[in-house]
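In: Requesting a structural model of the entry that follows:
(chains A and B)
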Number of protein chains: 2
Amino acid sequence: MPELRKDVFTELWVVVPTDRARRPSDFLREPVTSVPSIGPCPFCPGNEAMTPPEIMAYRSGSSWSLRVVPSKFAVLRVEGGLDREGDGLYDRMRGVGAHEVVVETPSHVLSLTDLTEHSIEKVFTAFRERFRDLKNDRRLRYVHAFKNFGVAAGARVEHTHSQLIALPLVPRRVRKEIDVAQRHYEAKERCLYCDLIRQETQSRSRLVLESDRFVVVEPYASRYPFETWILPKQHRSHFEDVEPDHLANLAWVLKSTLRRIEKALERPAYNLILHTAPIQEFANPFYHWHIELLPKVTRVSGFDLGTGYYVNPTPPEEAAQFLREVTLA
Amino acid sequence: MPELRKDVFTELWVVVPTDRARRPSDFLREPVTSVPSIGPCPFCPGNEAMTPPEIMAYRSGSSWSLRVVPSKFAVLRVEGGLDREGDGLYDRMRGVGAHEVVVETPSHVLSLTDLTEHSIEKVFTAFRERFRDLKNDRRLRYVHAFKNFGVAAGARVEHTHSQLIALPLVPRRVRKEIDVAQRHYEAKERCLYCDLIRQETQSRSRLVLESDRFVVVEPYASRYPFETWILPKQHRSHFEDVEPDHLANLAWVLKSTLRRIEKALERPAYNLILHTAPIQEFANPFYHWHIELLPKVTRVSGFDLGTGYYVNPTPPEEAAQFLREVTLA
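Out: Have a look, this model is predicted:
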């Protein structure tokens, strides 16, 4: 009998057809290396002039180990005011914001898992630094940090990179998560995500791994097969408030998790999305930053699109067991 | 300069980068005929035993022209109670519902546009009949009628068909549309969708076509390139309350619209989704049933997924002009 599970964080429902679970080998996979080549790689050393002028970089001597540059395909522009206006029924404003690319390494490698833990740590250090800088622009309300890996996940350049988009609005999904978490806190004086960590580390059925500082779980109402969340044990609403010395542990946890997913699903395309509190809001006791990993192994159909429900053919308990049992060489 | 446009119907924002609009020829296209063949077609005459027992059919003599059958890949089951229960933090219920397939024609054709208008009218007549029947099951709150065309849109069988999923819950997107429309009505004593029809038929910049009974528009805050809505001029909250003699006109309008989209985008994969009021609720003056056509010509990326915002590279004004100018042989 299929089950309807409520995602308590967003109040969405997910259909989990428990009687016809799909194994990792059942999923469609698209080759992740097939980002169409458009001449020389703009992110490789020697081609720095192919990107807009650098925003920041980590260097030793004359060589860089990480660069942050404005996106050439920016969806928002940093200049000017918002100029909100109506148009009959409708509302619009200018697309003010920032769109930055984090080139994670000078090496032309495809996956974050090809990086050392130290290099992955630097990616998070760069995120933190950019968040703290973008916060100073009072027009910007939210920084969306994410990574598209593979064509099916929207990647357009092969060389491993992440993106930051600073928005003049708080995204719907984040606002909903915050509202729900605030109501939970008002009712119970507890953070909903700290509650999740307690319940999942006790029951262990959806736990993928646990370190000193982080837990990795398949959420109860996973929208996608092998949807995976990484949560810090230390409560912080804002990612940019994470202790810098926790980032090495985060790098280890993320690399281990991604290697498990890559091994289980044969390097699927995926999106990595950081969920964090809006940059202009104060630290609060109810929201809890975290990372969501969304492997792209099924197609979105008219059911998901039309309803805002999801059908997930793999129960998270099975996905978690599978990922726990992956042996990493 | 890119623009942020608010979808007044759902309160989502869409980024429309007006300065780098993409033409129909710029989009990725996946072949729509590549649904993997799994032996004989279960929807062709002679193979009726390959589907579960028929729910209804239109026949003349011994041959059928349309059949409705339970889905073999049902995501919900019709037996039993909901058995709502908690599990620590979480909530679940049994996946009670109905999942039906409308086989639109006995001919093994792929697209709705291969059908005569009379056959398309019958599809809507069948929808209407099924809605009126499913309404009698008080456990069911919403009927989600949709069509997946092409693999990229989630189709699993090639032979043209639609689907009905009756749910024990009202989907989030529909509930949001209804709440927003109700607030508009309370403030202004007008239906938000009737307002849209008035504004779009006056300005005409986003109008694709207009018949006696229906208007076809590219919505102001289109989430996807060539997103297209078909709205009845006659206000009705519930699809099942449409006058039966309007369905022939709807068939003509839908076929003409789809033919334009197929010609402009070279038969893209798409989802067709009917938006209508919940079956257990009374007719109301604020919600307005309509059809949304969502061509699948771009990939969903970590930006869309993480924020609930969309980036649409084709302004709806350009898409509308393009579709208006398509010449149908």
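
In: which SS state does the most centrally placed residue in chain A fall under?
Out: The residue lying closest to the centre of chain A (CA atoms, centre = their mean) is A:Ile273, at 1.3 Å. What DSSP: H, G, I helix; E, B strand; the rest coil gives for A:Ile273 is strand.

In: what's across from it in the sheet?
Out: Per DSSP bridges, the residues bridged to A:Ile273 are A:Phe146, A:Glu292.

In: Near the closest residue to A:Pro42 other than its chain neighbours, how many other residues are there?
Out: What sits nearest to A:Pro42 in space, not counting adjacent residues and going by CB to CB, 6 or more residues apart in numbering or on different chains, is A:Met50, at 3.9 Å. (C-beta placed from N, C-alpha, C; glycine too.) Using other CB atoms under 10 Å in any protein chain shown, A:Met50 has 14 neighbouring residues.

In: what does A:Glu325 give?
Out: As a burial measure, A:Glu325 scores 9 neighbours (other CB under 10 Å).

In: Which helix or strand contains A:Val208?
Out: Using DSSP states H and E, A:Val208 sits in strand A:207-210.

In: That strand close to chain B?
Out: No - judged by CB under 8 Å from any CB of the partner chain, strand A:207-210 stays clear of chain B, getting no closer than 13.7 Å.

In: can you give me the end-to-end distance of stretch A:159-173?
Out: Distance between the two ends of stretch A:159-173: 29 Å, counting by CA to CA, to the nearest Å.

In: how distant is it from the center of its chain?
Out: Centroid separation for stretch A:159-173 versus its chain: 10 Å, with CA atoms, centre = their mean, to the nearest Å.

In: tell me the mean pLDDT for that stretch?
Out: Stretch A:159-173 carries an average pLDDT of 91.

In: Same question for stretch A:118-130.
Out: In this model, stretch A:118-130 carries a mean pLDDT of 98.

In: can that stretch be found next to chain B?
Out: No - judged by CB under 8 Å from any CB, stretch A:118-130 stays clear of chain B, getting no closer than 13.8 Å.

In: Quick one: residues in contact with that stretch.
Out: A:55-56, A:58, A:65-66, A:68, A:100, A:102, A:104-105, A:112, A:115, A:143, A:145, A:162, A:164, A:239-240, A:242, A:244, A:247-248, A:250-251, A:254-255, A:274 (CB atoms under 8 Å, 6 or more residues apart in numbering or on different chains).

In: hang on, the earlier thing: does the residue nearest to the centre of chain A really touch A:Val143, like I thought?
Out: No - the criterion here is CB atoms under 8 Å, and A:Ile273 misses it with A:Val143 at 11.9 Å.

In: Whether stretch A:211-228 contacts chain B - can you check?
Out: Yes - with CB under 8 Å from any CB as the measure, stretch A:211-228 is seen reaching chain B through A:220-221.

In: So which bits of that stretch are buried?
Out: By 16 or more other CB atoms under 10 Å in any protein chain shown, the buried positions in stretch A:211-228 come out as A:213-228.

In: List the ones among those residues that fall in strands.
Out: Using DSSP state E, the subset of the buried residues of stretch A:211-228 located in strands is A:214-217, A:228.

In: And the residues you listed, which is closest to chain B?
Out: Chain B has its nearest neighbour among these in A:Val217, at 12.0 Å by CB to the nearest CB.

In: Which strand residues bridge the closest one?
Out: Bridge pairing for A:Val217 (DSSP bridges) gives the partners A:Leu207, A:Trp229.

In: That one against A:Leu231, yeah?
Out: Yes - if you go by CB under 8 Å, A:Val217 and A:Leu231 touch, sitting 7.2 Å apart.
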